[in-house]
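Asker: with the sequence up front, the predicted model follows.
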Amino acid sequence: MDYKFDEQTFIESFNAKTDDSKSMDSIRLTHKPDGKFKLFPFKASGKSQAPIVTELEDIVSGFFREAAQKGTEPISFDDLCNALQEEVDLDNQDLDYFKDMIQSFFFEGENFVADNLGLYPYQTSSNNKSADNLAHFIYSVMEIDDEICKKIEQAKEKHQFNVLENMVISAIENKNVVEADAFKPYFVVKKGIQNIFKADFEYMLDSGMTSLEDLSNLFAVYYLYYVSQTCFILDQFGAGKRDQNVNLYFALDWEKVSKNRKCCIEGWENLQENINHMFTHAITLEILNQTKNDEMLDYIALAEMSQTNDEELAIEIKNAEQTYCSYIGDYKGFDSVPYTPGVSKTDQAITHLFKCVQAQFQGTDRKRADQFYNEKFSEFCKSRWVKNRKKSGLVLNLTERDVIFLTKICLRNEEKIRLNDLYKEYEKRGIYLDNTSKEYLQDFFTKLNLIDKKSDSGDAQYVKRIL
């Protein structure tokens, strides 16, 4: 396809002011990510307007609504009780007891709550748009397809719901289900992990690992994996590869850590700098996608296009930069933004545009928007995956809960796995351990009586299945 930046599309998307309503020395546009190019599900707003999602149990319901392609009207206690009474022959003296049971099993206050696979799509919405956006993001970038949706339905049929749960599901589906909202999918930057996710998810469906805790653990692993690797790829611009992987090293929660360990050098400290570029990448890619075409293009896609029309493409991107900078009247330092070498003229132009966007965020009060956007992911990481090791700083961290969960999904239906192969399975999910952490992990399994030792050789040690 041909690439051509369209200024009128840019003006509409960024709400750019071309008249005299604002001073030429002011900013005359609104930075709007997630419009023409959907990269991350975040808003550049404070926590009060766009809450940070740290507990991924909050997205389970939204994920399953996406899979079922269903929305639900709010489920009221009185309406549900009335619907159930039509199906049950109750004496008047039993009515209050029946209602108390429904309240106890299915409601917290006025909110309908779900704790099993069949009811997840119908849980009362938390009115947290951030959680809904994140649910759609995970569903989208993990490339959930019809086959996986069928697996979910099969798992629901296989699940042994009790009589009351079946009645509730039937009552809701008869009266409360509405057509689901349509969402534009997110652009998938990082490839190679989707099939691993889907295999883990299918195993969990088949094995009954469908509690809120198990599902939120799965989403937390792959949310961290996908977004962190996407950040690394974006920072490579046109030289990035969709299947590239930067090793992120974790420490175990109960071990001591020194500053020279890989978990300190090649862990959170390595990732934090890339996270700080998320908003700038989101805006840069939004600018680059201001065309009359609906197809989304990232740096790698543009690099591929540049192989046949590098000169023309670079000119269009410079046009995009000039248009953007012309609406940023309150920042005067664009002329001093240096050019750096790229893999092509197109890549050089993209990198310079990125630096211009970055410079005006750092050089104005808009740095707060930059911070608000980036902290949506960094605060999730700090809440779920990072531990303060005092003198050693912040370090990516695995708790006992994480180890047990990861080991379960790595073994799946196997009775045991070679210890060295288990480490490789962790790595397939983006989690690396140095030799010291591996020794601590082996001791942990030994204490749980899960090591099957065939010989003194490390290769001949097996980890038994965790029930």
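Answerer: Everything's here; your move. Note that the structure is a prediction, hence the values are computed from the model and not measured.
Asker: for the helix or strand where Glu147 lies, C-alpha coordinates in PDB please.
Answerer: Element membership for Glu147 (DSSP states H and E) is helix 146-158. Taking C-alpha atoms only, helix 146-158 is exported to PDB below (Å, rounded to 0.1, in the frame of the first residue of the first chain):
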ATOM      1  CA  ASP A 146     -13.500 -18.600  17.600                       C
ATOM      2  CA  GLU A 147     -11.800 -21.800  18.500                       C
ATOM      3  CA  ILE A 148     -10.900 -20.500  22.000                       C
ATOM      4  CA  CYS A 149     -14.400 -19.200  22.400                       C
ATOM      5  CA  LYS A 150     -15.800 -22.600  21.600                       C
ATOM      6  CA  LYS A 151     -13.400 -24.100  24.200                       C
ATOM      7  CA  ILE A 152     -14.900 -21.800  26.800                       C
ATOM      8  CA  GLU A 153     -18.400 -22.900  26.000                       C
ATOM      9  CA  GLN A 154     -17.300 -26.500  26.100                       C
ATOM     10  CA  ALA A 155     -15.700 -25.900  29.500                       C
ATOM     11  CA  LYS A 156     -19.000 -24.400  30.700                       C
ATOM     12  CA  GLU A 157     -20.900 -27.500  29.600                       C
ATOM     13  CA  LYS A 158     -18.300 -29.700  31.300                       C
END
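Asker: so where's the stretch 101-250 of the chain shaky on pLDDT?
Answerer: Applying pLDDT under 70 to the stretch 101-250 of the chain flags residues 126-127, 176-181.
Asker: which parts of it are strands?
Answerer: Along the stretch 101-250 of the chain, the segments classed as strands by DSSP state E, counting those that start in this stretch run 107-108, 111-112, 177-179.
Asker: residues in contact with the second one?
Answerer: Where contact means C-beta atoms under 8 Å, 6 or more residues apart in numbering, the residues beyond strand 111-112 that reach it are 74-75, 77, 80, 106, 122-124. Just so you know, the C-beta spots here come from the backbone N, C-alpha and C atoms, and that holds for glycine as well.
Asker: most neighbours among those, which one?
Answerer: Neighbour counts for the contacts of strand 111-112, by other C-beta atoms under 10 Å, peak at Tyr122, which reaches 25 neighbours.
Asker: what sits closest to Asp243 if chain neighbours are left out?
Answerer: The shortest distance from Asp243 to any residue other than its chain neighbours is 4.4 Å, reached at Gly192 (C-beta to C-beta, 6 or more residues apart in numbering).
Asker: contacting residues for that neighbour?
Answerer: Counting by C-beta under 8 Å, 6+ apart, Gly192 has contacts 242-243, 245.
Asker: phi first, then psi, for it.
Answerer: With angles defined as degrees, to the nearest 10, Gly192 shows backbone torsions of phi 110, psi -10.
Asker: cool, Ile144 as well?
Answerer: When read as degrees, to the nearest 10, the backbone of Ile144 gives phi -70, psi 130.
Asker: what about it, how many residues nearby?
Answerer: Ile144, neighbours per other C-beta under 10 Å, totals 20.
Asker: same question, Cys325
Answerer: Other residues close to Cys325 by other C-beta under 10 Å number 18.
Asker: let me see the ranges of the strands in the stretch 351-467 of the chain.
Answerer: Using DSSP E, counting those that start in this stretch, strands in the stretch 351-467 of the chain cover 386-388, 394-398, 416-418, 451-453, 461-464.
Asker: please tell me I have it right and Lys190 contacts Val246.
Answerer: No - counting by C-beta atoms under 8 Å, Lys190 does not reach Val246; the two are 10.7 Å apart.
Asker: now the common contact residues for these two.
Answerer: Gln229.
Asker: residues touching stretch 438-448, excluding its own?
Answerer: Contact with stretch 438-448 is made by 252, 254-255, 400, 403, 419, 423, 433, 451, 461, 463, 466, as judged by C-beta under 8 Å, 6+ apart.
Asker: which of those lies closest to Lys318?
Answerer: Leu433 (45.6 Å; C-beta to C-beta).
Asker: for that closest one, which residues are in contact?
Answerer: Per C-beta under 8 Å, 6+ apart, neighbours of Leu433: 249-250, 252, 423, 426, 441.
Asker: which one of the residues you listed is nearest to Tyr324?
Answerer: Closest to Tyr324, out of all of these and judged by C-beta to C-beta, is Tyr249, at 38.0 Å.
Asker: that closest one and Lys382, how far apart?
Answerer: Distance of Tyr249 to Lys382, computed by C-beta to C-beta, to the nearest Å: 17 Å.
Asker: quick one: which of these two has more around it?
Answerer: Tyr249 (20 against 16).
Asker: got the contact list for Lys156?
Answerer: 117-118.
Asker: adding distance to Ile409, write the strands of the stretch 351-467 of the chain out as a markdown table.
Answerer: Conversion of those to a markdown table gives the following (distance: least, C-beta to C-beta, whole Å):
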| stretch | distance to Ile409 |
| --- | --- |
| strand 386-388 | 22 |
| strand 394-398 | 14 |
| strand 416-418 | 11 |
| strand 451-453 | 19 |
| strand 461-464 | 13 |
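Asker: so for Asn260, which of the ones you listed sits nearest?
Answerer: strand 394-398 (12.5 Å).
Asker: I figured Lys36 hits Glu286, correct?
Answerer: Yes - using C-beta under 8 Å, Lys36 is in contact with Glu286, at 6.1 Å.
Asker: residues shared between the contacts of those two?
Answerer: Joint contacts of Lys36 and Glu286 (C-beta under 8 Å, 6+ apart) are Ser13.
Asker: now do the same contact list for the residue lying closest to Gly62 once chain neighbours are set aside.
Answerer: Spatially, and ignoring its direct neighbours in sequence, Gly62 is nearest to Ala135 (2.9 Å; C-beta to C-beta, 6+ apart). With contact set as C-beta under 8 Å, 6+ apart, Ala135 has these partners: 59-63, 65-66.
Asker: give the buried subset of those residues as a ChimeraX selection command.
Answerer: A single ChimeraX command is used to select the members of the contacts of Ala135 judged buried by 16 or more other C-beta atoms under 10 Å:
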select :59,60,61,62,63,65,66
